[in-house]
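K.L.:
Turn this into a model:
(one chain, ligands or ions: 1)
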Amino acid sequence: MSESDPQNGTDSSLMFDPALHDRALAGWGIRRRRGDLAQEEKNSEENILLNSPEDSTLKGASTAGCTPPEGNPPVDVLENLDLDSIARLVASCERCGLCQHRQNTVFGTGNPSARLMFVGDSPGEEDDLQGLPFVGRSGQLLDRILSQGLKLTRDSVYITNVLKCRPPESRDPLPEEVQSCGSYLDAQIERVSPEMIVALGKPAAQFLTGEDTSLKRLRGRKHVYKGVPVVVTHHPAFLLQQPQAKAECWHDLQVVIETLGLK
Ligand code: SF4
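P.N.:
Below is the predicted model of the structure:
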């Protein structure tokens with residue numbers, strides 16, 4: 001997982017054993033199965049896993065100034081929208097003051113039927129410029145974690161953030177911003193319906209666990225968000241600053257490998 005290591009691993013398939021997965025979920029106190037499990041079981045006989053990656057990337061729209069209204073996006077509006085429609089709604093969102101600072105909204109990218117979802121806190125500078133999540137140095141490290149650690153590509157998973165707009169100077173999200181934007185992430189989780197979520201860093205971990213505590217206390221425990229197992233680990237930006245923490249990240253991801261039956 002060294003930053004100087006070349007990227008490798010282009011195989012986006014996952015090896016999957018449904019029986020192993022059921023047993024792993026039972027360990028989380030969950031009896032949740034994906035709606036397309038029957039198809040997965042059929043595929044497992046051929047050791048084929050993820051659906052063909054389908055690019056759900058939707059770049060955000062540039063916004064010059066906004067006047068944020070009060071409250072959250074109406075839940076009933078999001079309920080009836082697919083991922084692409086929610087992304088278009090986000091592209092013109094003015095629910096919080098961050099709309100005044102963004103170059104682009106950053107919705108999410110990857111497989112809209114992914115088994116594994118990664119959630120960070122908010123877009124970085126390069127993400128804001130490109131309208132895509134994790135495309136800066138943190139994103140390059142996440143790509144290496146995926147390819148070298150999990151043997152996955154970013155097209156086979158779904159990647160997003162709690163906030164869809166970059167906070168000034170890339171500061172941590174404010175509670176009111178999370179309150180305003182969180183319903184978009186909820187809708188993404190519902191549409192993608194992942195079997196596991198990896199929370200990258202404290203803000204994402206606090207949102208997905210509902211616990212206002214340190215990352216140290218959140219790591220290494222089993223969490224569940226809306227019926228989906230959640231694993232907490234370090235944000236790649238932190239790993240760039242503290243490379244010695246990569247071992248802890250790798251340790252955290254072992255439960256992902258075990259629970260999803262990745263090989
Ligand atoms: S951060 Fe979220 S709630 Fe705030 S303006 Fe951007 S999309 Fe809307």
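K.L.:
Close to the ligand: what parts of the stretch 1-150 of the chain are there?
P.N.:
Counting by CB under 6 Å from any ligand atom, the stretch 1-150 of the chain comes close to the ligand at 90, 93, 94, 95, 96, 98, 99, 105. All C-beta atoms are positioned from the backbone trio N, CA, C, and that covers glycine.
K.L.:
For the protein, which segments count as helices?
P.N.:
For the chain, helices defined by DSSP state H occupy the ranges 18-26, 37-44, 75-79, 83-91, 125-130, 137-144, 175-192, 202-209, 215-218, 236-241, 246-260.
K.L.:
Tell me which of those helices is the most buried.
P.N.:
Among the helices of the chain, helix 202-209 has the highest mean neighbour count (mean count of other CB atoms under 10 Å), at a mean of 24.
K.L.:
Now do that one: which elements does it pack against?
P.N.:
Identification of packing neighbours for helix 202-209 by 3 or more CB pairs under 8 Å, 6 or more residues apart in numbering; DSSP states H and E yields strand 116-120, helix 175-192, strand 196-200, helix 215-218, strand 223-225, strand 228-233.
K.L.:
do that again at 10 Å, thanks
P.N.:
strand 116-120, strand 158-161, helix 175-192, strand 196-200, helix 215-218, strand 223-225, strand 228-233 (3 or more CB pairs under 10 Å, 6 or more residues apart in numbering; DSSP states H and E).
K.L.:
need those in JSON lines with mean pLDDT, can you?
P.N.:
JSON lines is the format used below for the helices and strands packed on helix 202-209 (pLDDT from 0 to 100):
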{"stretch": "strand 116-120", "mean pLDDT": "98"}
{"stretch": "strand 158-161", "mean pLDDT": "98"}
{"stretch": "helix 175-192", "mean pLDDT": "96"}
{"stretch": "strand 196-200", "mean pLDDT": "98"}
{"stretch": "helix 215-218", "mean pLDDT": "98"}
{"stretch": "strand 223-225", "mean pLDDT": "97"}
{"stretch": "strand 228-233", "mean pLDDT": "98"}
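K.L.:
Throw these into JSON lines and include distance to residue 150, thanks.
P.N.:
Shown next, in JSON lines, are the helices and strands packed on helix 202-209 (distance: least, CB to CB, whole Å):
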{"stretch": "strand 116-120", "distance to residue 150": "8"}
{"stretch": "strand 158-161", "distance to residue 150": "13"}
{"stretch": "helix 175-192", "distance to residue 150": "17"}
{"stretch": "strand 196-200", "distance to residue 150": "10"}
{"stretch": "helix 215-218", "distance to residue 150": "20"}
{"stretch": "strand 223-225", "distance to residue 150": "19"}
{"stretch": "strand 228-233", "distance to residue 150": "12"}
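K.L.:
and residue 169, which of the ones you listed is closest to it?
P.N.:
In terms of CB to CB, the element of the helices and strands packed on helix 202-209 nearest to residue 169 is helix 175-192, at 14.0 Å.
K.L.:
right, quick check: the closest one against the ligand, any contact?
P.N.:
Yes. Counting by CB under 6 Å from any ligand atom, the ligand has neighbours in helix 175-192: 177, 180, 181.
K.L.:
Low-confidence regions, this structure specifically.
P.N.:
Along the chain, segments meeting pLDDT under 70 span 1-25, 27-76.
K.L.:
could you redo the last one with a cut-off of 90?
P.N.:
Applying pLDDT under 90 to the chain flags the ranges 1-77, 79-80, 101, 170, 262-263.
K.L.:
Please convert the helices of the chain to TSV, extending it with distance to residue 112.
P.N.:
Output for the helices of the chain, formatted as TSV (distance: least, CB to CB, whole Å):
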stretch	distance to residue 112
helix 18-26	20
helix 37-44	15
helix 75-79	16
helix 83-91	5
helix 125-130	19
helix 137-144	19
helix 175-192	6
helix 202-209	19
helix 215-218	27
helix 236-241	23
helix 246-260	18
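K.L.:
who wins for proximity to residue 228 among those helices?
P.N.:
Of all these, it is helix 175-192 that lies closest to residue 228, at 6.6 Å by CB to CB.
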